[in-house]
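Visitor: Take a look and give me a structure for this.
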Amino acid sequence: MKPHDGISRGWFAVAIVLTAFELVFLYEAMLADMTGYQKIFGAFLGLAILSFGALLYAASIIFYGWS
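Guide: Coordinates of the predicted model:
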């Protein structure tokens, strides 16, 4: 991909979906912490960290073209 081509719609959709997952997992982790469910908090926090890592990887693929 050349620098002037721009971001494809597929990668943009992946970034939006991963961001939505990140926000949902963070919200659920916060809600579980406020209600006292620490085991569920850990699960949602782990999912939030994994989705953040996937978002960072997708961003590196988009901007640097690593494959």
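
Visitor: So Ala13: helix, strand or coil?
Guide: Following DSSP: H, G, I helix; E, B strand; the rest coil, Ala13 is assigned to helix.

Visitor: Share the number of residues neighbouring it, please.
Guide: Applying other Cβ atoms under 10 Å, we find 10 residues neighbouring Ala13. Glycine gets a C-beta too; all of them are placed from N, C-alpha and C.

Visitor: now swap in Gly65 and tell me
Guide: 10.

Visitor: Where does the prediction get shaky in the chain?
Guide: For the chain, applying pLDDT under 70 flags the ranges 1-5, 66-67.

Visitor: can you give me the helices in it?
Guide: Listed in chain order, the helices found in the chain under DSSP state H are 9-35, 38-64.

Visitor: Take stretch 18-34, keep the C-alpha atoms, and write them as PDB.
Guide: Extracted C-alpha coordinates of stretch 18-34, given in PDB (Å, rounded to 0.1, in the frame of the first residue of the first chain):
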ATOM      1  CA  LEU A  18     -12.100  -3.300  18.400                       C
ATOM      2  CA  THR A  19     -12.700   0.100  20.000                       C
ATOM      3  CA  ALA A  20     -16.300  -0.800  20.700                       C
ATOM      4  CA  PHE A  21     -15.200  -4.100  22.300                       C
ATOM      5  CA  GLU A  22     -12.700  -2.100  24.400                       C
ATOM      6  CA  LEU A  23     -15.300   0.300  25.600                       C
ATOM      7  CA  VAL A  24     -17.900  -2.400  26.400                       C
ATOM      8  CA  PHE A  25     -15.300  -4.500  28.300                       C
ATOM      9  CA  LEU A  26     -14.100  -1.500  30.300                       C
ATOM     10  CA  TYR A  27     -17.700  -0.500  31.200                       C
ATOM     11  CA  GLU A  28     -18.500  -4.100  32.300                       C
ATOM     12  CA  ALA A  29     -15.300  -4.200  34.400                       C
ATOM     13  CA  MET A  30     -16.200  -0.900  36.100                       C
ATOM     14  CA  LEU A  31     -19.700  -2.200  36.700                       C
ATOM     15  CA  ALA A  32     -18.400  -5.500  38.200                       C
ATOM     16  CA  ASP A  33     -16.000  -3.600  40.400                       C
ATOM     17  CA  MET A  34     -18.700  -1.300  41.700                       C
END
